[in-house]
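J.: build me a model from this:
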Amino acid sequence: MNPSRILIVDDQQNWREVMSSLLSDSGYDVDTTESVFDAWKLLKSKTFDIAILDVRLVDRNPYDVQGIELLEQMKERLGERFPIVIMTGYSFEGLEETMRTKYGVRAFINKGTGMLQDIQAFRSLIASILVADVDND
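T.: The predicted structure follows:
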């Protein structure tokens, strides 16, 4: 069986590298990109089992929500059941609930809470989503 393939979309290189390293070390195939455009190029050329998206992909624009726009497009094109994890440092009240109820996001990680500092918790979260997705097929 081939390892699960994960797409990480985050404008910050350090976050992409950390997540990619943690997940690659766990045996997953990981592709990373910083933009919506490049994410779609990857999605057209490869099949992914899960995506991890940042909400804001242009930090210098406080109103940027390209990650949410990409999420909407992915759900539309890949289906409602395609597993997506949202990771952001720009949380506001109601964002997590909206992501889960409106978009079916499987997990919401606030970059400031330390989830990535707890390496095992992060790896377990991704593994549990992938297992649940296989079990639901």
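J.: beta partners of the most centrally placed residue in the chain?
T.: Residue closest to the average C-alpha location in the chain (C-alpha atoms, centre = their mean): Ile52, at 0.9 Å. Legend: beta-bridge partners of Ile52 under DSSP bridges are Ile8, Val85.
J.: and it, what's its pLDDT?
T.: We have a pLDDT of 96 for Ile52.
J.: which residues of this protein score low on pLDDT?
T.: Low-confidence segments of the chain, defined by pLDDT under 70: 1, 59-64, 91-92, 113-117, 133-137.
J.: what ranges does it have for its helices?
T.: Along the chain, the stretches classed as helices by DSSP state H are 13-25, 36-45, 66-78, 95-103, 119-136.
J.: got a markdown table for these, with distance to Gly112 and mean neighbour count too?
T.: Bear in mind the C-beta positions are built from the backbone N, C-alpha and C, glycine included. Formatted as a markdown table, these follow (distance: least, C-beta to C-beta, whole Å; neighbours: other C-beta atoms under 10 Å):
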| stretch | distance to Gly112 | mean neighbour count |
| --- | --- | --- |
| helix 13-25 | 12 | 16 |
| helix 36-45 | 24 | 14 |
| helix 66-78 | 16 | 17 |
| helix 95-103 | 13 | 15 |
| helix 119-136 | 14 | 14 |
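J.: quick one on the thing from earlier: how close does the residue nearest to the centre of the chain sit to Ser24?
T.: Distance of Ile52 to Ser24, given as C-beta to C-beta, to the nearest Å: 13 Å.
J.: count the residues that sit near Ile84.
T.: Residue neighbour count, defined by other C-beta atoms under 10 Å, stands at 23 for Ile84.
J.: thinking again about what came up before, do I have it right that the residue nearest to the centre of the chain meets Ile6?
T.: Yes: between Ile52 and Ile6 a contact is recorded at 6.7 Å, counting by C-beta atoms under 8 Å.
J.: name the residues contacting each of the two.
T.: Taking C-beta atoms under 8 Å, 6 or more residues apart in numbering as the contact criterion, the common neighbours of Ile52 and Ile6 are Ile126.
J.: list the contacts of the closest residue to Arg5 other than its chain neighbours.
T.: The spatially closest residue to Arg5, leaving aside those adjacent along the chain, is Asp29, at 4.5 Å (C-beta to C-beta, 6 or more residues apart in numbering). If you count contacts by C-beta under 8 Å, 6+ apart, Asp29 has them with Asn2, Pro3, Ser4, Arg5, Ile6.
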